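sequence below, structure please.
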Amino acid sequence: MSADIPSRASGRTVVVTGGASGIGRAIAEAFRAHGDRVVVLDRSDGADVIRVDVSDEASVRSAFSSVREQFGTVDVLVNSAGLLTEAPVEEMDLATWNETIRVDLTGVFLCCREVLQPMRAQRWGRIINVASQLGIKGGVGLAHYSAAKAGVIGFTKALALEAAPGNVLVNSIAPGPIETPLVEGISEDWKRAKRAELPLGRFGTPAEVAPSALLLASDPGGNLFVGQTLGPNSGDVMP
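Below you'll find the predicted structure:
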């Protein structure tokens, strides 16, 4: 590590959107166990949760203003808030498409924009965007979700190029199917067919995804990851 770039090993302020359940909750718990100060942003109410609608610009600005007032600069941002519904393209209405793009893609953009300048100012930052292996390979009945997550991967690469000169490293995680409340809403036929495709033969758990976020945020372990997509996906995608 260059002497003019500060190190951040532990005791950081970590913001996790969608951190009240599923993958986001597991990631938040992992960072807490690591000794970091974790702030959860979620649309659900709860203890130690700042409420936010990541698809709404004013809501995002208000939430991050509260974070800065209470905790100061954000060191690590994990964008895990997401929406998952199932519909074939010919039956999908525009409202369903738009809602998925707003939450799963626009929400990532809005949250990233809030932390970039302060991270650059302190010459250290980590941004981790939770995408999906469906953003790489697509999925039947999930064109809107696949498009949004492909957008997250592309956005991550472009932002990584912009941010890396300031020692702000931007990467993504593209999990395979994980046993979460979001996946519970998908049809049993879809899940049965997907399990049969997986070399590992099973869906993952949130606790099996969280270590990827810890790695990308670690110092020095994550210091050479720039615009990368890690794939804890049960073998569903092998880039």
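
and the lengthiest helix in the chain, what other elements does it pack with?
Identified as the longest helix of the chain according to DSSP state H is helix 143-163. Judged by 3 or more Cβ pairs under 8 Å, 6 or more residues apart in numbering; DSSP states H and E, helix 143-163 is in contact with helix 94-101, helix 107-122, strand 125-130, helix 134-137, strand 168-173. For glycine as for every other residue, the C-beta is placed from the backbone atoms N, C-alpha and C.

show me what counts as buried in it.
For helix 143-163, burial by neighbour count (16 or more other Cβ atoms under 10 Å) applies to 143-153, 155-157, 159-160, 163.

off-centre distance for that helix?
11 Å (Cα atoms, centre = their mean, to the nearest Å).

and stretch 194-214, by the same measure?
Taking mean C-alpha positions (Cα atoms, centre = their mean), stretch 194-214 and its chain are 15 Å apart.

straight-line length of it, end to end?
27 Å (Cα to Cα, to the nearest Å).

residues in contact with that stretch?
The contact list for stretch 194-214 (Cβ atoms under 8 Å, 6 or more residues apart in numbering) reads 22-23, 25-27, 29-31, 34, 78, 128, 173, 175-180, 183, 191, 230, 232-236.

what sits against Val54?
For Val54, the contacting residues are 17-18, 41, 43, 60, 79, 81, 103, 106-108, 110-111, by Cβ under 8 Å, 6+ apart.

closest to Glu90 among those residues?
Closest approach to Glu90 among those (Cβ to Cβ): Val103, at 22.6 Å.

correct me, but the closest one touches Ser55?
Yes: Val103 is within contact range of Ser55, at 4.8 Å (criterion: Cβ atoms under 8 Å).

how about stretch 189-205, which residues are buried there?
For stretch 189-205, by 16+ other Cβ under 10 Å, it's Trp190, Lys194, Leu198, Phe203, Gly204.

what about the second one, helix or strand, and which?
In this structure, Lys194 is located in helix 188-197 according to DSSP states H and E.

tell me which helix or strand comes right after that helix.
helix 206-217.

buried residues in that next one?
In helix 206-217, the ones that count as buried by 16+ other Cβ under 10 Å are Pro206, Glu208, Val209, Ala210, Ser212, Ala213, Leu214, Leu216, Ala217.

what angle do that helix and strand 168-173 make?
Relative orientation of helix 206-217 versus strand 168-173 (axes from the mean of the first three to the mean of the last three Cα atoms, to 10 degrees): 160 degrees.

contacts for stretch 88-100 next, please.
Against stretch 88-100 from outside (Cβ under 8 Å, 6+ apart): Ser55, Leu83, Thr85, Ala87, Val140, Gly141, Ala143, His144, Tyr145, Ala148.

kindly recompute the last result at 7 Å.
Leu83, Thr85, Ala87, Gly141, Ala143, His144, Tyr145, Ala148 (Cβ atoms under 7 Å, 6 or more residues apart in numbering).

switch the contacts of Val54 over to TSV; also include pLDDT, neighbour count and distance to Met119.
Listed next are these as TSV, based on pLDDT from 0 to 100; neighbours: other Cβ atoms under 10 Å; distance: Cβ to Cβ, whole Å:
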residue	pLDDT	neighbour count	distance to Met119
Thr17	98	29	16
Gly18	97	28	20
Leu41	98	29	17
Arg43	94	18	24
Val60	98	22	16
Asn79	98	27	14
Ala81	97	25	19
Val103	98	21	23
Thr106	98	19	20
Gly107	98	27	18
Val108	98	29	15
Leu110	98	24	16
Cys111	98	24	12
